[in-house]
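Novice: here is a sequence with its predicted model. Questions after.
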Amino acid sequence: MSEFDFNELDHTELGLTDGQVLEMYRYMLLARKIDERMWLLNRAGKIPFVISCQGQEGIQVGAAFALDKSKDWLCPYYRDLGMVLVFGQTARDNMLAAFAKKDDPNSGGRQMPGHYGDRRYRILSGSSPVTTQVLHAVGIAYAGILEKKDHVVLTSCGEGSSNQGDWHEACNFAGVHNLPVIFMVENNKYAISVPLTKQVAGGDVSARAQGYGFPGVKVDGSNPLAVYKVVKEAAERARRGEGPTLIEAISYRLVPHSSDDDDRTYRTREEVEAARKYDSLIIFKRYLMEKGLLTEEKDQDLLAMVMHEVDEATEYAEKAPYPDPEDLYKHVYA
Amino acid sequence: MSEFDFNELDHTELGLTDGQVLEMYRYMLLARKIDERMWLLNRAGKIPFVISCQGQEGIQVGAAFALDKSKDWLCPYYRDLGMVLVFGQTARDNMLAAFAKKDDPNSGGRQMPGHYGDRRYRILSGSSPVTTQVLHAVGIAYAGILEKKDHVVLTSCGEGSSNQGDWHEACNFAGVHNLPVIFMVENNKYAISVPLTKQVAGGDVSARAQGYGFPGVKVDGSNPLAVYKVVKEAAERARRGEGPTLIEAISYRLVPHSSDDDDRTYRTREEVEAARKYDSLIIFKRYLMEKGLLTEEKDQDLLAMVMHEVDEATEYAEKAPYPDPEDLYKHVYA
Amino acid sequence: MPVISYIDAVTLALKEEMERDARVFILGEDVGVRGGVFRATAGLYEQFGEKRVLDTPLTESAIVGVAIGAAAYGMRPVAEIQFADFIMPAVNQIVSEAAKLRYRSNGAWNCPLVIRAPYGGGVHGALYHSQSVEKIFAGVPGLKIVMPSTPYDVKGLLKAAIRDEDPVLFFEHKRCYRLIKEEVPEEDYTIPIGKAEVKREGTDVTVISYGLTLHFALKAAEELAEEGISVHVLDLRTLIPLDKEAVIEAVAKTGKVLIIHEDNLTGGFAGEVAAVIAEEAFFELDAPIRRLCGPDVPAMPYSPPLEKEFMPSPEKIAKAIRELAEF
Amino acid sequence: MPVISYIDAVTLALKEEMERDARVFILGEDVGVRGGVFRATAGLYEQFGEKRVLDTPLTESAIVGVAIGAAAYGMRPVAEIQFADFIMPAVNQIVSEAAKLRYRSNGAWNCPLVIRAPYGGGVHGALYHSQSVEKIFAGVPGLKIVMPSTPYDVKGLLKAAIRDEDPVLFFEHKRCYRLIKEEVPEEDYTIPIGKAEVKREGTDVTVISYGLTLHFALKAAEELAEEGISVHVLDLRTLIPLDKEAVIEAVAKTGKVLIIHEDNLTGGFAGEVAAVIAEEAFFELDAPIRRLCGPDVPAMPYSPPLEKEFMPSPEKIAKAIRELAEF
Ligand SMILES: Cc1ncc(C[n+]2csc(CCOP(=O)(O)OP(=O)(O)O)c2C)c(N)n1
Ligand SMILES: Cc1ncc(C[n+]2csc(CCOP(=O)(O)OP(=O)(O)O)c2C)c(N)n1
Ligand SMILES: [Mg+2]
Ligand SMILES: [Mg+2]
């Protein structure tokens, strides 16, 4: 479990306004509530599949806030709902994906939910085989060098996925050419049923950066400000032409791997309950209250607004049209 | 260029007898002379292809001597002539391969020379795509655990090849399961034309071990005793059940990548000449002379014996029969 | 004889082989404690322990590469690839290594490895959890490819695959897992790899298929029987080595052939079967050889209308058979 | 018009495209300072600098994966895989990513990427420097596959590939590199991807091929002309998309078809061509469709008698044509 000291960081010292941190909190809440709604819809038999961000919102929102939404790029993974919301996607976009509807901006209903991709916001379309996107991020960074742009690319994956060969090749390539890439590993302790100890030799993903000659940082993923801080530093390094950074953000997956999983077969309820104490939503709420930026009442208002958004999105998406059968044959080639 | 202090090591302190170090030297010489002969044969149009060990004999012979030839396994790469000789192959075996003859024990003339494989000596058959063998080594090590054997598996590749995804997956797998594998990277500074700086991010292969939670050692490959020492330690660790070790042995490729290469297009003659001073054969000869184990005369005798072996092997292999055309269809399935 | 499902037949075959031969072990993602994401290895971790039912890191190339090393050593690894779609990172190890180890060593080494992978669609799996991948491997000498359609065949063929001296890709249609049930003997038996089986006798049109679409074909055949069209159905069961004799015999029965699979049309295995027929049974043919296959789009989408449009179905098959019958 | 070799046509096309479009860049192993191990990129590093002619680490999945990212961004990467045999580690990136990017994003993204790779044997390259790998990709919708046989076609097709909005695998037969020479215009031209070409008109037997074996077929045709057998030779040039019209037209010319490639017989692309003919040109056929292909062994061995036994040759082809002609 993450044991970082939360109170060492203050948002104003990080250059974040009160408004911004409240906005961060709102995005975290929105991500959580969209996600929870999807589970309800799934259990009601309305959508076939959910894969969750729950437990990792602090990482995703903290990281996305540290980037420049007007020019930076994302190559995210399937849990990064919080990240794509900050970059511009809406509850409606995501509900359209969940219901596999024609207007899903990610894939027109072709991919499962969680397979983000949105040209409007420089979010490269992703697939299911894990870790392929990490190399795409390096390519986008290299294109930036060729085109003399100063964008930064953030790409993320799980700690299990970081063992894939592509991850090594990507880190090495980016290291050799000093490319503006942030390799984020969202370490939620499990890859489906396989725990960290059976997945990552040595147990320390961030230590792997040393082997590529660039910094590796471990950060408490339950603290969005801590994540914000390290991603900000990494983005600045990258933009200065100093190359990649590896960030391992520690978290915990609070729900089963996906709607097809039963996590009781491989972890105890006690362990999950214990992890809930480090839920970034709870921790960040406490922080905002301590700072006097949030009250229970204000929180309820925020929640109501968010729920309204989620309700509206659900309703809209449920009614929205499916693709036409003939759409099957489109977009194979130009 | 490698700048390690040669004279810190003494073979008797390492537990090697005078006879053993002379034997090491003889193997290094034999490897070199077989290799040189192959170049002559190639330039004379008698064999289509050569890929060399020249410059890396110290690594190969030092490492092989540190293993238990009666039970340990090798998953070598195409330059490891010195290694397979110590394990049991002969000049004749290798000349049969060079001439692609039926009795080539590696492949019956099916593979290029340098593609070692010999059941008699527990040398697993290798292929051309680099780094695949590194995973096979992990599999043999795992089989040893299942079968309660105490063999150690040494697998090697070049520094360029160590960037392949398979290498990462192999190190991680072996690290997670604490397997008796020695990952040897023979860093000869180039991958064909691509120098270390453009190949290995950070420039330090051995540093990558930290990311897998096992030791990484850098060793002077021009000193077979230094290599012997670290491989011996790694083998003992492995046999004690303490898991893998990564060894980066620094050397230099003294000849072009292969008989198809022209290295003048990418490196200066001065650089190559400078590297020749660190040729393990020269250095080890000097060591043996300083220790009073070798004289110029004795060296000449040794050379004559080795040359006789090479001559005999060449003659034998040249006369040996090719496979029959119908052999093409054999051994696709059992 | 107990009635068991297709996936239970997988589990049973694994269990029996592991009991029979201590060299058999399983490795893959989530195969241990979790018993597999489809539960194909359920109970095996408990029975055989974590060393013989090994949860590996999330690395397919390693799963296969490590298994190859162990197989060369003399073990009998059964590697699970969680979804056939995720076999791609292991293609180098499969094609360059497993398939060629025996050949390149002139027979000195071999690779008795089984790679199991659930494939196929119609399960809301979307693009990357629905693919048929046999075409990628069906031209790689050194590999065998088994794709059973029934629980009985699953048990017998998986056992044969594990006992085989060469690498076998064993593809299991995930829609069949719980859908298809039948009586399966409790005793040990194997079915030879490389033998097709006539699953229904007929005289008007020959259908050649395997996997889920085989069942669709049988369903279509049943309906068409009522219309007076008699359909002969051959289940390939093994793609490589292809049972050419059985194919030619089946063609000779009717002179009209429809080859069906869920994999894309172009470059799919139906092309190979058609080519064999066009070369070796040409004079038996009374009509052009027809293929009914997945369309040439990259994969099956998630959205229900698109998935439906992609999937072969008894209706689409019946229509194609009718056309051929009328030819 | 200058006479240039097949490989010079590669270099020329790359050079002209890089001059024309600043978004075009090359990446691969040894493509920079060394100018490629076959010298296909000779001079380009000097002309365009190290950023646009990038020596990558020895990692094929990265070469392709990085190129995909750059292509999605809007660049026009041309990735070199040093030998086609070494494309295997990149299969996941090619099949799961490049081929599916447009489709999975509902057309929002695309991947204008060219992957060049020297393939084929008869060069003492042994098992892993002689393979034909087209069969692995020839059933993957979203990919185009171009396999030219002449310098003129190389230049025009490589330029078309670079300008294409979708991923193109461009396979160059390494034996053709310095063997095949002809006049090639100095000016800019492209040849449409997906169009086959009749390389010789004839009336008795139709040969369909591509790459090196196309030249063997032409040589055989010349010899057979003296025996009074008139051979029609179609060069596919592009495998995917297949020029079905041209295939059917070529079949109709003679009614007897021989399909030739160096890739293994089973699962090879000849099967697809045969299946198309057996379905769509069935009534044009006067004889069984014949395939003359590499045998079903894992790859071409090093030893000369074995390599010779593997390789198609004008003699083997002439024999097969004679048999068909006499049919
Ligand atoms: C190449 C590949 N292999 C297997 C899978 C199946 N799979 C999906 S997610 C997952 C576990 C991922 O674990 P981790 O990387 O830790 O990410 P997390 O889900 O925990 O966030 C697996 C095995 C896949 N999607 N891709
Ligand atoms: C997968 C793969 N890609 C490319 C090649 C072609 N190739 C053969 S050796 C080599 C360079 C290897 O360099 P390194 O690993 O440093 O070993 P060295 O030859 O220097 O000992 C290359 C690119 C190959 N054999 N396999
Ligand atoms: Mg995880
Ligand atoms: Mg090297």
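Specialist: The structure has been received and is ready for your questions. Ligands and ions are numbered 1, 2, ... in the order given.
Novice: identify all contacting residues around stretch A:228-248.
Specialist: A:9, A:14, A:16, A:24, A:62-63, A:65-68, A:72, A:150, A:152, A:154, A:159, A:171, A:174-175, A:178-185, A:187, A:204-206, A:208-209, A:212, A:214-219, A:227 (CB atoms under 8 Å, 6 or more residues apart in numbering or on different chains). Quick note: C-beta positions are derived from backbone N, CA and C, even for glycine.
Novice: up against ligand 3, what does the stretch 101-250 of chain A have?
Specialist: A:158-159, A:188, A:191 (CB under 5 Å from the ion).
Novice: one more pass at 8 Å, please.
Specialist: Residues of the stretch 101-250 of chain A lying close to ligand 3 (CB under 8 Å from the ion) are A:158-161, A:186-191, A:196, A:199.
Novice: can you tell me which of these are in strands?
Specialist: Counted as lying in strands by DSSP state E, out of these, are A:158, A:186-187, A:190-191.
Novice: what is the nearest of those to chain B?
Specialist: residue A:191 (11.9 Å; CB to the nearest CB).
Novice: partner residues bridging that closest one?
Specialist: residue A:194 (DSSP bridges).
Novice: was I right to think it contacts residue C:58?
Specialist: Yes - between residue A:191 and residue C:58 there is a contact at 5.0 Å, judged by CB atoms under 8 Å.
Novice: what is in contact with these two at once?
Specialist: A:160-161, A:199, C:29.
Novice: got a winner among those for most neighbours?
Specialist: Tallying neighbours with other CB atoms under 10 Å in any protein chain shown puts residue A:199 at the head of the shared contacts of residue A:191 and residue C:58, with 28 neighbours.
Novice: residues touching that one, list them.
Specialist: A:159-160, A:163, A:191, B:176, C:57-58.
Novice: next one: residue C:50
Specialist: With CB under 8 Å, 6+ apart, residue C:50 has these contacts: residue C:32.
Novice: that one should be in a helix, yeah?
Specialist: No - counting by DSSP: H, G, I helix; E, B strand; the rest coil, residue C:50 is located in no helix; its state is coil.
Novice: can you give me phi and psi for it?
Specialist: Backbone torsions for residue C:50, taken as degrees, to the nearest 10, come to phi -70, psi -20.
Novice: ok, now how distant is residue C:134 from ligand 3?
Specialist: 31 Å (CB to the ion, to the nearest Å).
Novice: again, but for residue C:79
Specialist: 22 Å.
Novice: ok, the residue nearest to that residue when sequence neighbours are not counted - how many residues close by?
Specialist: In space, residue C:79 comes closest to residue C:67 once its chain neighbours are excluded; the distance is 4.4 Å by CB to CB, 6 or more residues apart in numbering or on different chains. By the criterion of other CB under 10 Å, residue C:67 has 34 neighbours.
Novice: contact partners for residue C:67?
Specialist: B:139, C:27, C:77, C:79, C:113, C:115.
Novice: hmm, try it at 7 Å
Specialist: Residues in contact with residue C:67 (CB atoms under 7 Å, 6 or more residues apart in numbering or on different chains) are B:139, C:27, C:77, C:79, C:113.
Novice: look at the residue lying closest to residue C:59 once chain neighbours are set aside and report its pLDDT.
Specialist: Nearest residue to residue C:59 in three dimensions, chain neighbours excluded: residue B:169, at 4.2 Å (CB to CB, 6+ apart). pLDDT, residue B:169: 98.
Novice: what's the spacing between the residue nearest to residue A:197 when sequence neighbours are not counted and residue A:214?
Specialist: Counting by CB to CB, 6+ apart, residue A:197 lies nearest to residue A:203, which is 6.4 Å off, once chain neighbours are set aside. Residue A:203 sits 20 Å away from residue A:214, going by CB to CB, to the nearest Å.
Novice: pick out the residue of the stretch 101-250 of chain A closest to chain D.
Specialist: Taking CB to the nearest CB, the stretch 101-250 of chain A has residue A:139 as its residue nearest chain D, at 2.2 Å.
Novice: isn't that residue up against residue D:70?
Specialist: Yes - applying CB atoms under 7 Å, one finds residue A:139 in contact with residue D:70, separated by 4.1 Å.
Novice: shared neighbours of the two, anything?
Specialist: By CB under 7 Å, 6+ apart, no residue touches both residue A:139 and residue D:70.
Novice: tell me which of the two has more neighbours.
Specialist: residue A:139 (33 against 30).
Novice: picking up where we left off before, backbone phi and psi for the residue nearest to residue C:79, please?
Specialist: phi -60, psi -40.
Novice: residue B:156 versus that one, what's the distance?
Specialist: Distance from residue C:67 to residue B:156, by CB to CB: 21 Å.
Novice: ditto for residue C:124
Specialist: 47 Å.
Novice: could you find the closest non-adjacent residue to the residue in the stretch 51-200 of chain C that chain D sits nearest to?
Specialist: Nearest residue of the stretch 51-200 of chain C to chain D (CB to the nearest CB) works out as residue C:139 at 2.2 Å. Distance criterion CB to CB, 6+ apart; nearest residue to residue C:139, sequence neighbours excluded, is residue D:267 at 2.2 Å.
Novice: what pLDDT does the model give the one you found?
Specialist: 98.
Novice: go on, residue A:3?
Specialist: 46.
Novice: cool, the one 5 residues further on as well?
Specialist: With respect to pLDDT, residue A:8 scores 77.
Novice: please list all residues in contact with the residue in chain C that ligand 1 sits nearest to.
Specialist: At 3.7 Å from ligand 1, residue C:86 is the closest residue in chain C, using CB to the nearest ligand atom. By CB under 7 Å, 6+ apart, the contact list for residue C:86 reads A:129, C:60.
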